[in-house]
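Novice: dropping a prediction and its sequence here:
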Amino acid sequence: MPNLAIIAAAIVLLAVLLFFERKNAFLGRLVTKTSLSSLFVAAAFLQPWEAGGYFSFLAAGLVLCLVGDVCLALPGEKSFMAGLVSFLLGHVMYIVAFFLVTDVGLWAAGGSVVVFAASIGVFMWLRPHLGDMKIPVLVYVLVISVMLTAAWSVFMESGVGSDGRLLVLVGAVMFYLSDITVAMDRFVKDRFSNKLVGLPLYFGGQFLLAFSAGYVS
């Protein structure tokens, strides 16, 4: 029941956020996005979580993403860079959390080939638009690719139950795809359709990862 209430509240907040994004209303966007991001942090703590490494690092990642969301909602290049760093550190926390419950094996190695091939393709497509942001974006792409590989490793070979494995993998994939839409919006063309696709992917992924706290130990 608490999870259903969380999902319902998240859907309402997401709809309001998209409305403010469409209207380009700064204050409404900032308040709504901060509220929605705070909700996925709260969602993790409302799960029947067990004390330990997975929850600690997952929660740290969620909090860093909350900080990143606030920074990206603010105007200016410095805010964007602060958001980029916050999300980068958030992905590092997720990587640690995922690899604490699985081993780096052949499944992870095989998954990394596919993930990194896709990521190289995305980076090469973005490269002409990046200007002096090439190195920061490349580092970010590498880190999020490791994060997705770690999620794949959890899904394929850990002792985690099937519900937890699915939440981790689908959440990580949605997060990865949402970051592509952010890059498109920032570096290729700023348009509402990027947000219309990217925001549901992003918040959906974050809530799935938050819910995984109750299934992964």
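Specialist: Good, I have the coordinates. Residues are numbered from 1 along each chain as shown.
Novice: drop to CA atoms for contacts and neighbour counts, all remaining ones
Specialist: Will do.
Novice: off-centre distance for the worst-scoring helix or strand of the chain on mean pLDDT?
Specialist: Across the helices and strands of the chain, mean confidence by mean pLDDT, DSSP states H and E is lowest for helix 106-130: a mean of 84. Offset of helix 106-130 from its chain centre (C-alpha atoms, centre = their mean, to the nearest Å): 17 Å.
Novice: give me the contacts around the helix or strand following that helix.
Specialist: Next helix or strand after helix 106-130 toward the C-terminus (DSSP states H and E): helix 134-157. Defining contact as C-alpha atoms under 8 Å, 6 or more residues apart in numbering, one finds that helix 134-157 is touched by 84, 88, 91-92, 94-95, 98-99, 101-105, 107-108, 111-112, 115-116, 119, 123, 127, 160, 162, 165-166, 168-169, 172-173, 176.
Novice: tell me which helix or strand comes right after helix 134-157.
Specialist: helix 162-183.
Novice: buried subset of the contacts of helix 134-157 as a ChimeraX selection?
Specialist: In ChimeraX, this line selects whichever of the contacts of helix 134-157 come out buried by 16 or more other C-alpha atoms under 10 Å:
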select :84,88,91,92,94,95,98,99,101,102,107,108,111,112,115,116,119,123,127,160,165,166,168,169,172,173,176
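Novice: residues in contact with the residue positioned nearest the centre of the chain?
Specialist: Nearest to the geometric centre of the chain sits F175, at 3.8 Å (C-alpha atoms, centre = their mean). F175 makes contact with 201-203, 205-206 under the criterion C-alpha under 8 Å, 6+ apart.
Novice: out of those, flag the one nearest to F57.
Specialist: Q206 (13.9 Å; C-alpha to C-alpha).
Novice: how about the closest one, what does it touch?
Specialist: 40, 62, 171, 175.
Novice: go again with 10 Å.
Specialist: 37, 40-41, 43-44, 61-62, 65, 167-168, 170-172, 174-175, 200, 212 (C-alpha atoms under 10 Å, 6 or more residues apart in numbering).
Novice: same check, this time on N24
Specialist: 18, 192.
Novice: where's A73 relative to G161, distance?
Specialist: 36 Å (C-alpha to C-alpha, to the nearest Å).
Novice: next: V139.
Specialist: Taken as C-alpha to C-alpha, the span from V139 to G161 is 32 Å.
Novice: go on, L62?
Specialist: Taking C-alpha to C-alpha, one finds L62 at 22 Å from G161.
Novice: out of the two, which sits in the more crowded spot?
Specialist: L62 (26 against 13; other C-alpha atoms under 10 Å).
Novice: quick one: what helix or strand has the more buried one in it?
Specialist: Going by DSSP H and E, L62 is part of helix 53-73.
Novice: what helices or strands is that helix leaning on?
Specialist: helix 26-45, helix 77-100, helix 192-211 (3 or more C-alpha pairs under 10 Å, 6 or more residues apart in numbering; DSSP states H and E).
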